[in-house]
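Student: Quick one, what's the 3D model for this:
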Amino acid sequence: MEMTGFKNISVAELEMLLQKGGVRLVDVRTDAEMAQGKIPQGEPLPLHLVPLRMGEMDKDVTTVFYCRSGGRSAQAAAFVAANGFADVYNLQGGIIAWANAGLPVSA
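Tutor: Residues are numbered from 1 along each chain as shown. Below is the predicted model of the structure:
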């Protein structure tokens with residue numbers, strides 16, 4: 001069912017996108033969760049603030065959302081995609097999958 005307007009991507013796909021550059025990586029977890037570690041390139045934007053701060057984001061920049069395991073980031077991705085964002089992704093498995101793949105997590 002691909003009516004969501006966004007695509008799920010794997011950790012490996014995200015890693016390649018980040019290496020290429022030009023990607024906005026958005027962490028939609030709570031401040032308390034972010035304090036436990038984050039993907040270094042991620043910028044914090046808790047899920048409840050996405051509707052309020054969406055206007056600050058460039059609709060034409062590739063945007064990848066992530067959370068702990070992929071559920072909340074899928075909600076964020078679906079929301080911005082429904083509001084005209086063209087190139088939107090959700091990290092499958094969230095930061096848990098990222099860390100399990102042995103990729104860097106910063107404080």
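
Student: what are the phi and psi angles of Val23?
Tutor: Dihedral angles of Val23 (phi, psi; degrees, to the nearest 10) stand at phi -120, psi 140.

Student: Run through the residues that contact it.
Tutor: Going by Cβ atoms under 8 Å, 6 or more residues apart in numbering, Val23 touches 17, 41, 61-64. Glycine gets a C-beta too; all of them are placed from N, C-alpha and C.

Student: what's the closest of those to Pro51?
Tutor: Closest approach to Pro51 among the contacts of Val23 (Cβ to Cβ): Thr63, at 14.7 Å.

Student: Which secondary structure element is home to that closest one?
Tutor: strand 62-66 (DSSP states H and E).

Student: Which elements pack onto the helix or strand that that strand is followed by?
Tutor: Using DSSP H and E, the helix or strand that follows strand 62-66 in sequence is helix 71-82. Identification of packing neighbours for helix 71-82 by 3 or more Cβ pairs under 8 Å, 6 or more residues apart in numbering; DSSP states H and E yields helix 50-53, strand 62-66, strand 88-91.

Student: and Leu52, how many residues sit next to it?
Tutor: Leu52 has 9 neighbours, counted by other Cβ atoms under 10 Å.
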